[in-house]
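Student: What follows is a predicted protein model with its sequence.
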Amino acid sequence: MGNYFVKVGHSIRSLIDFFYPPFRKYMSLQFFRYALIGVLNLVFDWVLYFLIYNFVLKHQMLELGFVTISSHIATLGIKFPIVLASSFLMQKNITFSNSELHSRVQLYRYLVVFFLNLTINYIGLKFLVDYLNFYPTPSNMIISIFTIGISYFSQKHYTFRKSNES
């Protein structure tokens with residue numbers, strides 16, 4: 001299965017690289033790849049959040065018997081493993097494919113960064129939705145944009161760094 005992801009990643013990377021030349025003066029190839037993959041993941045995240053919030057939970061609280069979770073926070077919890085898997089595989093096999101770290105080390109580090117961003121998302125959603133009464137979907141979008149910078153720096157210098165950068 002791992003070989004499949006490597007081959008698909010190579011194909012997508014080649015396609016992205018085809019569109020890179022006009023942007024060469026403004027950003028590195030790695031940042032260009034990160035930006036495109038990031039935009040794809042971000043749109044996927046937003047669409048998934050919208051669909052789960054509006055059509056799965058239908059704006060209703062999620063009652064688990066021992067605890068009741070607000071729909072905007074439950075949506076965050078439901079979508080995060082899906083987004084985690086897709087974003088890790090895409091970043092590992094497309095953006096940071098030259099990292100020499102073992103996959104399990106990358107995954108562990110990715111989880112650390114992901115949970116940091118999840119915490120920021122949780123706090124941001126609680127603040128924007130519960131205290132400022134913003135709508136949940138736009139609130140999720142605002143917070144996602146904020147965490148992009150944190151993610152790129154963390155992924156480049158921590159999760160997928162080259163072994164000679166240690």
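Tutor: Cool, got the structure.
Student: buried ones in the helix or strand encompassing residue 77?
Tutor: Here residue 77, judged by DSSP states H and E, is contained in helix 71-90. Neighbour counts over helix 71-90 (16 or more other CB atoms under 10 Å) mark 71-76, 78-80, 83-84, 86-88, 90 as buried. C-beta here means a position set from N, CA and C on the backbone, and glycine is covered the same way.
Student: Check stretch 34-50 too.
Tutor: Buried, per 16+ other CB under 10 Å, within stretch 34-50: 34-38, 40-42, 44-46, 48-50.
Student: got it, and stretch 4-16?
Tutor: 9, 12, 13, 16.
Student: what's the answer for stretch 145-161, then?
Tutor: Along stretch 145-161, these residues count as buried under the neighbour rule (16+ other CB under 10 Å): 147, 148, 151, 152, 154, 155, 156, 159, 160, 161.
Student: ditto for stretch 122-132
Tutor: 124, 125, 128, 129.
Student: can I get these in TSV with distance to residue 62, secondary structure and pLDDT?
Tutor: TSV is the format used below for the buried residues of stretch 122-132 (distance: CB to CB, whole Å; DSSP: H, G, I helix; E, B strand; the rest coil; pLDDT from 0 to 100):
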residue	distance to residue 62	secondary structure	pLDDT
124	19	helix	93
125	14	helix	89
128	19	helix	95
129	15	helix	92
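Student: Dump the residues you listed to a markdown table, plus distance to residue 102.
Tutor: Output for these, formatted as a markdown table (distance: CB to CB, whole Å):
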| residue | distance to residue 102 |
| --- | --- |
| 124 | 33 |
| 125 | 34 |
| 128 | 38 |
| 129 | 39 |
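Student: From those residues, pick the one nearest residue 108.
Tutor: residue 124 (24.7 Å; CB to CB).
Student: got a list of what the closest one touches?
Tutor: In this structure, residue 124 makes contact with 139, 142, 143, 146, judged by CB atoms under 8 Å, 6 or more residues apart in numbering.
Student: try residue 140
Tutor: Contacts of residue 140 (CB under 8 Å, 6+ apart): 45, 46, 49, 72, 76, 121, 125.
Student: What pLDDT is listed against it?
Tutor: Predicted confidence (pLDDT) for residue 140: 84.
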